[in-house]
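Enquirer: My questions concern the predicted model and sequence given below.
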Amino acid sequence: MKRYLLFLVITIIACQNQEKSKQAPEIKSQAPVQSDLETRITQQIEKIQQSTPAQRRQELLRFIELANQVDGASGEIYGNFAFEYVEEHPADFFSVLRVGDSTLVNKWAKASASEVQILGDTPEGIDSVFVEMNSNHLIKLKGSRPQIHALDQQYRNQLKINLPQE
């Protein structure tokens with residue numbers, strides 16, 4: 001009787017295991033997976049936002065080093081931050097740069113150009129973005145050193161140069 005009972009329990013357990021293996025696999029969330037590059041961009045953005053003015057220039061340089069690697073979704077994240085950061089904090093952005101940082105300014109403008117293109121959409125829209133940007137920078141940079149105004153002018157000129165020509 002004990003053997004029969006033991007056999008019956010083993011058979012039931014075996015059948016349950018077979019049923020579990022026949023069940024459809026668990027469906028996991030199909031949330032988009034962030035690429036390694038997108039993760040690095042996001043982390044670098046956080047570092048810039050959390051940095052002190054003394055650290056910020058170095059963090060901006062690290063961010064711009066990612067420029068040659070961006071494409072697709074990572075390019076959207078990258079370009080959006082590049083443009084929005086200068087628009088929200090132009091005095092801070094230009095104050096941590098040096099007069100000799102023209103390469104950084106040019107690369108930053110190139111990264112920002114894609115966002116201007118998206119925001120403007122048409123030549124008239126792009127002109128409107130520039131009018132708003134010029135006004136914003138004029139207000140936010142009021143009383144800044146001449147070097148900051150020179151870097152800002154260089155940035156805006158490079159931004160126009162880097163827009164796709166139609």
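Expert: Arrived safely, thanks for sending.

Enquirer: mind listing the helices for this structure?
Expert: 2-22, 36-50, 53-65, 72-88, 90-95, 102-120, 123-140, 146-161 (DSSP state H).

Enquirer: can you put those in a markdown table and add mean pLDDT?
Expert: Shown next, in a markdown table, are the helices of the chain (pLDDT from 0 to 100):
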| stretch | mean pLDDT |
| --- | --- |
| helix 2-22 | 54 |
| helix 36-50 | 93 |
| helix 53-65 | 91 |
| helix 72-88 | 91 |
| helix 90-95 | 92 |
| helix 102-120 | 91 |
| helix 123-140 | 94 |
| helix 146-161 | 94 |
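
Enquirer: For stretch 138-149, give me every contacting residue.
Expert: Pro90, Ala91, Phe94, Ser95, Val99, Asp152 (CB atoms under 8 Å, 6 or more residues apart in numbering). (Each C-beta comes from the backbone N, C-alpha and C, glycine too.)

Enquirer: So how do I select the buried members of those in ChimeraX?
Expert: Entered in ChimeraX, the line below selects the buried ones among the contacts of stretch 138-149, by 16 or more other CB atoms under 10 Å:
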select :90,91,94,95,152
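
Enquirer: tell me which of the contacts of stretch 138-149 is nearest to Asp121?
Expert: The shortest approach to Asp121 among those belongs to Pro90, at 23.3 Å (CB to CB).

Enquirer: Surely the closest one is in contact with Gln153?
Expert: No - proximity of Pro90 to Gln153 does not meet the contact threshold set by CB atoms under 8 Å, at 11.5 Å.

Enquirer: List the residues that contact the closest residue to Gln44 other than its chain neighbours.
Expert: Nearest residue to Gln44, sequence neighbours excluded (CB to CB, 6 or more residues apart in numbering): Phe63, at 4.8 Å. Listed by CB under 8 Å, 6+ apart, the contact set of Phe63 reads Ile41, Gln44, Ile45, Ile48, Phe81, Ala82.

Enquirer: Tell me the most packed of those residues, by neighbour count.
Expert: Ala82 (26 neighbours; other CB atoms under 10 Å).

Enquirer: Nearest residue to that residue in space, ignoring adjacent ones along the chain?
Expert: Closest to Ala82 by CB to CB, 6+ apart is Ala111, at 3.9 Å.

Enquirer: ok, that neighbour - contacts?
Expert: For Ala111, the contact set (CB under 8 Å, 6+ apart) comprises Ile64, Ala67, Val70, Tyr78, Gly79, Ala82, Phe83.

Enquirer: Noted, bye for now.
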